[in-house]
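Novice: Structure for the following, please:
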Amino acid sequence: MDHSQQNVHHLIDHYMSISHYRRASELIYLALAEDPLDAHLHYQAALAYFHLNEHETSRTHLQQAYQSGYPPIDVHYLLGIIYASEKQWSLAEECYLAALAIHSNAVNVLASYASLLIKVGQRERGLELLAEARRIDPNNTNVLKHSLYYDIARNHDHSKMMHLEKLVTHQDDESALLVELGIKEFYSGNYKLARSHFREAYIKNPTNESLLRNVRIAERKANALLFPYHLADRIGGMPFLWFWITVAVLGSYPFVSPSVHWPFYAAIGFMLYLIFANVVVQVYYEAKDTNRSFLKTMFGSPTSIRVLGLLAGILFSIATLNPLVGLIFIFGSRLIANKMTKRRSLS
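Specialist: Residues are numbered from 1 along each chain as shown. You can find the predicted model right below:
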């Protein structure tokens, strides 16, 4: 391997370590052009494309890594993770078992397989494997992570805090650590701090849409303007809240004059409040993150574009009595907003 190839490999390792998987995949493509049988490069490509949600491409590179001599246990393990992320539980189980057949005490595989068993209803067997993994390596990051998620689901605060403390000590990936901290703060009711952790993780990995969803969920919890969402969470979610609002509106009509329309107007006003409150909160946090003014962010935010397109679509549909006009505005605004979001993630 010459000096230039070494530099490329170092750059690939660097971008993989900071979760810039798109850039890493581009460099891997160039490196594979020079050495198409490099098993490690194919495995790195598989890992990168998995994080980019390009699972078929990831599986192709895994097969090539296996054929080029990459350790089979690692290939089976990553393939199991891919299938598990797609909720193909049987295929994921086959891969985990194939990995465990090679090395029965592989801690990462044991922890992931235990998590899978718990998810599909084999709770006791899953807990046994998780305990076995914890016995073999109590400070393993993957073991701590799955233990933390399970304790959160059971709401065992003492265990949750204990596992998180170990995770903070032994976590290597800063982005993953921020997510774990965010989860801990979220379930502890510290929504502002949870939002801060999720946001930092998202900044480090801006192509990860699930991180952005975590940010939005924490923002809703943290901001008083969105108190209806807090109320809805207590009664089963927004569908249940709208159900009871509908019952209240329809139930009030037998007891009021037919000329009184305030219950209907109140429901419409509540819906508009939710739409605009969502926009205001998201634009506020975006302005805060980018150090721009609120008004400048308002007119350049993808969220604002979507909402303005929705409102314009409704108004023009009513004005022209043609729903197609409204659909053009709605889908056009969404297309523009999606392009803006994609452009920002690549910048």
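
Novice: Which of the helices or strands spans Gly251?
Specialist: Taking DSSP states H and E as the definition, Gly251 sits inside helix 238-252.

Novice: Remind me what that helix packs against, helices and strands.
Specialist: Judged by 3 or more C-beta pairs under 8 Å, 6 or more residues apart in numbering; DSSP states H and E, the packing partners of helix 238-252 are helix 227-234, helix 262-290. C-betas here are computed from N, CA, C, even on glycine.

Novice: What is the subsequent helix or strand relative to the lowest-mean-pLDDT helix or strand in the chain?
Specialist: Lowest on mean pLDDT, DSSP states H and E among the helices and strands of the chain sits helix 157-170, with a mean of 49. Downstream of helix 157-170, the next assigned helix or strand under DSSP H and E is helix 174-187.

Novice: how far does that following helix sit from the chain's center?
Specialist: Relative to its chain's centre, helix 174-187 lies at 12 Å (C-alpha atoms, centre = their mean, to the nearest Å).

Novice: do the same with stretch 51-66
Specialist: Distance, stretch centre to chain centre, for stretch 51-66: 20 Å (C-alpha atoms, centre = their mean).

Novice: Stretch 115-130 too?
Specialist: So, by C-alpha atoms, centre = their mean, the centroid of stretch 115-130 is 23 Å from its chain's centroid.

Novice: which other residues reach it?
Specialist: 80, 84, 89, 92-93, 96, 110-111, 113-114, 143, 146-147, 149-150 (C-beta atoms under 8 Å, 6 or more residues apart in numbering).

Novice: Lowest-confidence member of those, which is it?
Specialist: Across those, the smallest pLDDT goes to Tyr149, namely 62.

Novice: List phi and psi for Leu321.
Specialist: Recorded main-chain torsions at Leu321 are phi 50, psi 30, according to degrees, to the nearest 10.

Novice: Tell me which helix or strand the closest residue to Tyr96 other than its chain neighbours sits in.
Specialist: Spatially, and ignoring its direct neighbours in sequence, Tyr96 is nearest to Tyr113 (4.0 Å; C-beta to C-beta, 6 or more residues apart in numbering). Using DSSP H and E, Tyr113 sits within helix 107-119.

Novice: ok so, going back, contacting residues around the residue nearest to Tyr96?
Specialist: By C-beta under 8 Å, 6+ apart, the contact set of Tyr113 is Gly80, Glu93, Tyr96, Leu97, Leu100, Leu129.

Novice: which residues of the stretch 151-300 of the chain score low on pLDDT?
Specialist: Within the stretch 151-300 of the chain, the segments meeting pLDDT under 70 span 151-174, 187-188, 206-210, 230, 233-237, 252-263, 289-290.

Novice: Could you pull up the contacting residues of Val8?
Specialist: Contacts for Val8 (C-beta under 8 Å, 6+ apart) come out as Leu27, Leu30, Ala31.

Novice: what about burial for those, which qualify?
Specialist: Buried subset of these (neighbour count, 16 or more other C-beta atoms under 10 Å): Leu27, Ala31.

Novice: Let's have the contacts of Val8 in CSV, adding pLDDT and distance to Gln282.
Specialist: CSV is the format used below for the contacts of Val8 (pLDDT from 0 to 100; distance: C-beta to C-beta, whole Å):
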residue, pLDDT, distance to Gln282
Leu27, 90, 34
Leu30, 88, 38
Ala31, 89, 40
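
Novice: Now go through the contacts of Val8 and say which are in helices.
Specialist: Counting by DSSP state H, these place Leu27, Leu30, Ala31 in helices.

Novice: Which of these sits closest to Lys296?
Specialist: Nearest to Lys296, judged by C-beta to C-beta, of these is Leu27 at 35.6 Å.

Novice: Skip the chain neighbours and tell me the closest residue to that closest one.
Specialist: Once flanking residues are discounted, Leu27 sits nearest to Ile12: 4.9 Å by C-beta to C-beta, 6+ apart.

Novice: Next: Leu231.
Specialist: Closest to Leu231 by C-beta to C-beta, 6+ apart is Leu241, at 6.7 Å.

Novice: From Ala224, how far off is the one you found?
Specialist: Per C-beta to C-beta, to the nearest Å, Leu241 is found 17 Å from Ala224.

Novice: Likewise for Gln44?
Specialist: Gln44 is 46 Å from Ala224, by C-beta to C-beta.

Novice: before we move on, back to that, just checking, next helix/strand downstream of the helix holding Tyr113?
Specialist: Where DSSP H and E defines the elements, the next helix or strand beyond helix 107-119 is helix 123-136.

Novice: Go through that next one and flag the buried ones.
Specialist: Gly126, Leu129, Leu130, Glu132, Ala133, Arg134.

Novice: Max pairwise distance over the residues you listed: which two?
Specialist: Maximum pairwise distance among the buried residues of helix 123-136 (C-beta to C-beta): 12.5 Å, between Gly126 and Arg134.

Novice: domain parsing for this protein?
Specialist: Domain assignment of the chain by automatic domain parsing yields the ranges 1-70, 232-346.

Novice: so can I have JSON lines of these showing distance to Ala106?
Specialist: Converted to JSON lines, the domains of the chain look like this (distance: least, C-beta to C-beta, whole Å):
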{"stretch": "domain 1-70", "distance to Ala106": "15"}
{"stretch": "domain 232-346", "distance to Ala106": "35"}
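
Novice: tell me the most buried of the ones you listed?
Specialist: For those, average neighbour numbers computed from mean count of other C-beta atoms under 10 Å are highest in domain 1-70, which has a mean of 17.
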